[in-house]
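In: What would the 3D arrangement of this be:
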Amino acid sequence: MLPQSGAVAPPLPQTATRPVAAPRPAAALRAGLFPWVPVCLSAGIGLWFLHPTLFGAAHWTVMACLLALLLTIARHAPLWADRGRIGWPQADAVHLAALALSFVIAGTGLVAFRAAHVAAPVLEWRYYGPVEGRVIQIDRSGRDRMRLTLDGVVLHDLSPDRTPARVRLSLMGDDALPPLGQRVMLTGHLGPPPAPSSPGSFDFRMFAWFDGLGAVGYSRTPIMAVAPPQGGVWWAHRARMSISAAIQDRIGGQAGAVASALMTGDRSGIAEETNEVMRASNLYHIISISGLHMGMLAAFVYGAVRMVLVGVQGVGIGLARPMHKWAAGIALAAAAAYLWLSGGGVATERSFIMVAVMLGAIIADRRAISLRTVALAATIVLIYSPEAVVSAGFQMSFAATVALILVYGPWARVSPRLPWWLRPVAMLIVSSLIAAVATSPIAAAHFNRMAQYGLLANLLAVPVMGTLVMPAGVIGALLALVGLEAPALWVMGIGTEWMLWVARFVADLGGAVTGVAKPPAAVVPLMGFGAVLGILCWRPAARRGVLTQAGFVLAMTLLIAAAALWMNARRPLLLIAPEGEAVGLMTPEGRAISKPSGGAFVVSTWLQEDGDMADQETAAARPAWTGDRRDRQATLSGGWQVWHLTGKGSGARAAAACRPDRIVVATEPVDVDGKPRCLLLDPKRLRSSGAVAIRMTADGPQVTTGQPIRLSR
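Out: As a prediction, this is how the structure comes out:
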């Protein structure tokens, strides 16, 4: 019955209503704008690597003026909007664009400063004679030879300002290795860091520049001690190597070598055969200390300490709260100790920074697992080591971390619905799959191979590493203080034996490894920036704006362009080694090599970048080349021929063979009168061009040379 006119309606009864929870924003939305900082820094660093050069006063002046101008625009954009000169949306866009460009310029400045800071002399010729220096690193080469890295180098009849700061020598003998910090002398063959095997290949010279490595070579003579080992920090390094030797002796075999690598970072005991099966099974990341190891150790220490502290509280002993901060602090100290014990390599330092930022977030009452913490870790790494942005380790570790953070929210919503006993298994499968999906394209682009059963190998090996190997290592390190580490090392040995068995089992499966052709240089940057833009610009439908939609469309465009470039890439028809020691011709059966021996490293790089799993001898047996072993000829399209002349007298034979419509490659200098009638490539010409790639067109050979490094002291 309706109330009469003028009457007040009785109040409706109050019912308890449950507030509707707002939908949780996506990880990218919660992170705000800070994740764009490392993205912009990386863009600036990448621009420097397009044309690497040491900056002069003019460069720094221009950069300083641009930076000052952009920061001034960023500061005044809100003032212009406040005075009505431009609208607030335009002011925000100008402000953010100016800040972004400022970080891009800062990234270029960071890597340019780093390149100048590490500048050191580089040997520019072949040297044979006495080499004296202090041993700062002992490792194993890809050919299974022990190597010494020396600093404080002295070379005979070479002034200090022209002597490399560091040199690296492979040892041909089996003599006892000197301790770290000892000054030694030996007779060595040295040369400059090698040029790329082909245009666009990995440039070891750039890596060597940032590592201060000015010469590489080998020695066949015994090592003589010049002075006793130095003390100070070298005592600590020798203690680390002693721990490594003790682990290898206690566990034994390759299992001990792997356990030593996991705990101390010393991989000198791991044979190349073991490295190969680990690569074929996609478990090689296990023997290189990275975020996985540092994260497992920190997680174990954090969980164990927190359980102990909570237990102490439970029995009535009063302790300051909160316990999780105490546990995070102790885990941070353990991670720092692990950093020292592992020798502090670049990858380990990067991993420590990431773990330290996450533990620091726990102590500061911030989210430990978020894009913001990853962005902070990436920013610190880029400031400390800007050249890392072009390395596979940096790209893969942060790709895996970001991918796992993105699935953390959905997993947290789904996992409570699973039975408790199924959650760890499901979490392992999901995390391994997501990490593999995120890192596989990067690994394929850098290493030109795909481990087909890598997911299976990681599912079988990583749980054992997390539950046996790393906890046993931590416990063993503590028990070693009282001489009771043997049981823990026994458990650790069981775990590493299992991982090696898994690696061999997976590597022996049919089709375990598939070759992947090297993509064009633009593919990795397009993939990386496309993926980052897609993540940071994604928004729920209700929050999408014009800029975020445009950014997301641009991200998809970049990813599609990367895929199209990679799928349509064509390898060069002809490849010529930097010193003319090998020539490779692409045929329907694969690349045919002119000689079954010589230039082994260069040829293996060519075949790997072709996605070809054959060895040099197999590739040399492919039909294409004719002639004797010193004078090899092959026919190209358009009536052209390629001649590869080697051995004594090859220069004279090349001069006689130099005719029109011929490409002549010789391993000796060639003297010709005037301009050569052929396309002539001898040591003198290759010295300035580096490796050469040739494609045949309607107008004749199209030549691409290896870009010479532009850095000089």
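In: who's in contact with Ile442?
Out: Applying C-beta atoms under 8 Å, 6 or more residues apart in numbering to Ile442 gives the contacts 392, 395-396, 399, 524, 527-528. Using the backbone N, CA and C atoms, a C-beta is placed for each residue, glycine as well.
In: What is the nearest of the residues you listed to Trp640?
Out: Among the contacts of Ile442, Val524 lies closest to Trp640 (C-beta to C-beta), at 33.3 Å.
In: And for that closest one, the neighbour number?
Out: 20 (other C-beta atoms under 10 Å).
In: which SS class is it?
Out: For Val524, the assignment made with DSSP: H, G, I helix; E, B strand; the rest coil gives helix.
In: Just give the closest residue to it, not the sequence neighbours.
Out: Among residues not flanking Val524 along the chain, Ala445 sits closest, at 5.2 Å (C-beta to C-beta, 6 or more residues apart in numbering).
In: got the buried residues for the single longest helix found in the chain?
Out: Longest helix of the chain, by residue count under DSSP state H: helix 88-117. Neighbour-count burial for helix 88-117 flags 91, 94-95, 98-112, 114-115 (criterion: 16 or more other C-beta atoms under 10 Å).
In: where does the stretch 551-700 of the chain dip in pLDDT?
Out: The model of the stretch 551-700 of the chain has no residue with pLDDT under 70.
In: Can you tell me the element Ala438 falls in?
Out: helix 423-447 (DSSP states H and E).
In: I meant to write Val464 there.
Out: Val464 belongs to helix 454-464 when assigned by DSSP H and E.
In: same question, Ala328
Out: helix 323-341.
In: With Leu297 instead?
Out: Assigned by DSSP H and E, Leu297 falls in helix 291-314.
In: The longest helix of the chain - contacts with which helices or strands?
Out: Identification of packing neighbours for helix 88-117 by 3 or more C-beta pairs under 8 Å, 6 or more residues apart in numbering; DSSP states H and E yields helix 36-50, helix 57-82, helix 204-210, helix 371-384.
In: Mind putting the ones you listed into CSV with mean pLDDT and mean neighbour count?
Out: Shown next, in CSV, are the helices and strands packed on helix 88-117 (pLDDT from 0 to 100; neighbours: other C-beta atoms under 10 Å):
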stretch, mean pLDDT, mean neighbour count
helix 36-50, 95, 20
helix 57-82, 92, 14
helix 204-210, 92, 19
helix 371-384, 90, 21
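In: Kindly reformat the ones you listed as CSV containing distance to Leu554.
Out: Putting the helices and strands packed on helix 88-117 into CSV (distance: least, C-beta to C-beta, whole Å) gives the following:
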stretch, distance to Leu554
helix 36-50, 13
helix 57-82, 22
helix 204-210, 29
helix 371-384, 19
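In: one step back: which strands and helices sit next to the helix holding Ala328?
Out: Packed next to helix 323-341, using 3+ C-beta pairs under 8 Å, 6+ apart, are helix 233-251, helix 291-314, helix 346-363.
In: I'd like the average pLDDT over it.
Out: For helix 323-341, mean pLDDT rounds to 89.
In: now swap in stretch 503-511 and tell me
Out: 91.
In: ok, and for that stretch, which residues are buried?
Out: Applying 16+ other C-beta under 10 Å to stretch 503-511 flags 503, 505-507 as buried.
In: From the residues you listed, pick the one nearest Asp139.
Out: Distance to Asp139 across the buried residues of stretch 503-511 (C-beta to C-beta) is lowest for Ala503, with 20.5 Å.
In: That closest one against Arg279, yeah?
Out: No. Ala503 is beyond contact range of Arg279, at 9.0 Å (criterion: C-beta atoms under 8 Å).
In: what separates stretch 145-165 from the chain centre, distance-wise?
Out: How far stretch 145-165 lies from its chain's middle: 27 Å, per C-alpha atoms, centre = their mean, to the nearest Å.
In: Please state the mean pLDDT value computed over that stretch.
Out: In this model, stretch 145-165 has a mean pLDDT of 93.
In: rewinding a little: alpha carbons only: can I get the helix or strand following the helix holding Val464 in CSV?
Out: Using DSSP H and E, the helix or strand that follows helix 454-464 towards the C-terminus is helix 470-479. Extracted C-alpha coordinates of helix 470-479, given in CSV (Å, rounded to 0.1, in the frame of the first residue of the first chain):
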residue,chain,number,x,y,z
MET,A,470,72.0,-26.3,-3.4
PRO,A,471,70.7,-27.1,0.2
ALA,A,472,73.5,-29.6,0.5
GLY,A,473,76.0,-27.0,-0.6
VAL,A,474,74.9,-24.5,1.9
ILE,A,475,74.8,-27.1,4.7
GLY,A,476,78.2,-28.4,3.6
ALA,A,477,79.7,-24.9,3.7
LEU,A,478,78.5,-24.5,7.3
LEU,A,479,79.7,-27.9,8.4
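In: Can you name the residues in contact with the next helix or strand after helix 470-479?
Out: Moving toward the C-terminus from helix 470-479, the first helix or strand encountered (DSSP H and E) is helix 486-507. For helix 486-507, contacts defined as C-beta under 8 Å, 6+ apart pick out 247, 250-252, 254-256, 258-259, 262, 274, 276-278, 280-283, 286, 451, 453-454, 456-457, 460-461, 464-465, 468-469, 472-473, 475-476, 479, 512-513.
In: Pull out the buried positions in helix 486-507.
Out: Buried-residue list, helix 486-507, by 16+ other C-beta under 10 Å: 488-489, 492-493, 495-500, 502-503, 505-507.
In: quick one: contacts of stretch 110-117?
Out: Outside stretch 110-117, the residues within contact range by C-beta under 8 Å, 6+ apart are 41, 44-45, 48-49, 52, 54-55, 59, 209-210, 382-383, 385-387, 711.
In: if you set the cut-off to 7 Å instead, what comes out?
Out: With contact meaning C-beta atoms under 7 Å, 6 or more residues apart in numbering, stretch 110-117 is reached by 41, 45, 48, 52, 54-55, 382-383, 386-387, 711.
In: Distance to Val226 added to the residues you listed, as JSON lines?
Out: Formatted as JSON lines, those follow (distance: C-beta to C-beta, whole Å):
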{"residue": "Leu41", "distance to Val226": "44"}
{"residue": "Ile45", "distance to Val226": "40"}
{"residue": "Trp48", "distance to Val226": "40"}
{"residue": "Pro52", "distance to Val226": "36"}
{"residue": "Leu54", "distance to Val226": "34"}
{"residue": "Phe55", "distance to Val226": "38"}
{"residue": "Leu382", "distance to Val226": "40"}
{"residue": "Ile383", "distance to Val226": "38"}
{"residue": "Pro386", "distance to Val226": "36"}
{"residue": "Glu387", "distance to Val226": "33"}
{"residue": "Leu711", "distance to Val226": "31"}
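In: List the residues that contact the closest residue to Pro471 other than its chain neighbours.
Out: Of all residues not flanking Pro471 in the chain, Phe300 sits nearest, at 5.2 Å (C-beta to C-beta, 6+ apart). Contact partners of Phe300, counting by C-beta under 7 Å, 6+ apart, are 470-471, 474.
In: Also His446?
Out: Contact analysis of His446 by C-beta under 7 Å, 6+ apart lists Ala392.
In: again, 8 Å this time
Out: Counted by C-beta under 8 Å, 6+ apart, His446 has contacts 392, 395, 524.
In: cool, and Asp610?
Out: Asp610 sits next to 515, 517-518, 571, 586, 590-591 when contact means C-beta under 8 Å, 6+ apart.
In: how close does it get to Ala621?
Out: Computed as C-beta to C-beta, to the nearest Å, the Asp610 to Ala621 distance reads 16 Å.
In: same deal with Leu155?
Out: Distance, Leu155 to Ala621, using C-beta to C-beta: 42 Å.
In: Any idea how many residues pack against Met278?
Out: Using other C-beta under 10 Å, Met278 has 27 other residues around it.
In: in which helix or strand would I find it?
Out: Counting by DSSP H and E, Met278 is part of helix 272-280.
In: Packing partners of that helix?
Out: Using 3+ C-beta pairs under 8 Å, 6+ apart, the elements in contact with helix 272-280 are helix 253-264, strand 449-451, helix 486-507.
In: Can I get those in CSV including distance to Ile434?
Out: Listed next are these as CSV, based on distance: least, C-beta to C-beta, whole Å:
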stretch, distance to Ile434
helix 253-264, 23
strand 449-451, 16
helix 486-507, 20
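In: Perfect, I'm done here.
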